[in-house]
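Novice: Need the 3D shape of this:
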Amino acid sequence: MNFRILLFLPLTFLCSCLDDELAFTVVASPVNAEVEKLDDGTGDSVSYRATFTELDKENILDVNIGIIATPVPDLELNIYSQTQDLLTTITTDENGKALLNLPATSLSGVTRLEWSGTHNGAAFRILTNL
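Specialist: Down below sits the predicted model:
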């Protein structure tokens, strides 16, 4: 029995993972998005309003200041379907808001929208389930 333990113990160290890196890196998005579906009442088109903000976490520990959300103006966004088909390109206004208005037929079979762009040199992709 002791022989098995002595044999098993070194094997566990030899078989352990030596690489601490993840299979892929996950980096936080440089912007935050709040996406809401607008009820326009017609079945011909589908509309979404998205607000993009940059979060300033410098004073996160100060109870009087906290996290400050600053709108991101003139942010160019590419809207893709889950199959990576480019649906349209839109730009945020001075308040960081963007209006996506698509014909309902162009969203047939689409289950997820991907809002992608680049802010301060960092690429991002934000997913919205339909």
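Novice: Check what contacts stretch 123-130 and list those residues.
Specialist: 29-31, 33, 35, 48, 107, 110-118 (C-beta atoms under 8 Å, 6 or more residues apart in numbering). For the C-beta atoms, the positions are set from N, CA and C on the backbone; glycine is no exception.
Novice: and which of those is nearest to Gly66?
Specialist: Comparing the contacts of stretch 123-130 against Gly66 with C-beta to C-beta places Val31 closest, at 18.2 Å.
Novice: Burial check on the closest one, number of neighbours?
Specialist: The number of residues packed near Val31 is 25, by other C-beta atoms under 10 Å.
Novice: isn't it right up against Val72?
Specialist: Yes - counting by C-beta atoms under 8 Å, Val31 touches Val72, with 5.5 Å between them.
Novice: Give the residues shared as contacts by those two.
Specialist: Phe52, Thr53, Glu54, His119.
Novice: doesn't Glu34 make contact with Tyr48?
Specialist: No - judged on C-beta under 8 Å, Tyr48 makes no contact with Glu34 at a distance of 10.6 Å.
Novice: Who has more neighbours out of those two?
Specialist: Under the neighbour definition other C-beta under 10 Å, Tyr48 and Glu34 were set side by side, and Tyr48 has more, 19 against 12.
Novice: measure stretch 80-94 end to end?
Specialist: This stretch, stretch 80-94, spans 23 Å end to end (C-alpha to C-alpha, to the nearest Å).
Novice: just the helices in the protein please.
Specialist: 2-15 (DSSP state H).
Novice: low-confidence ranges in it?
Specialist: 1-24, 40-41 (pLDDT under 70).
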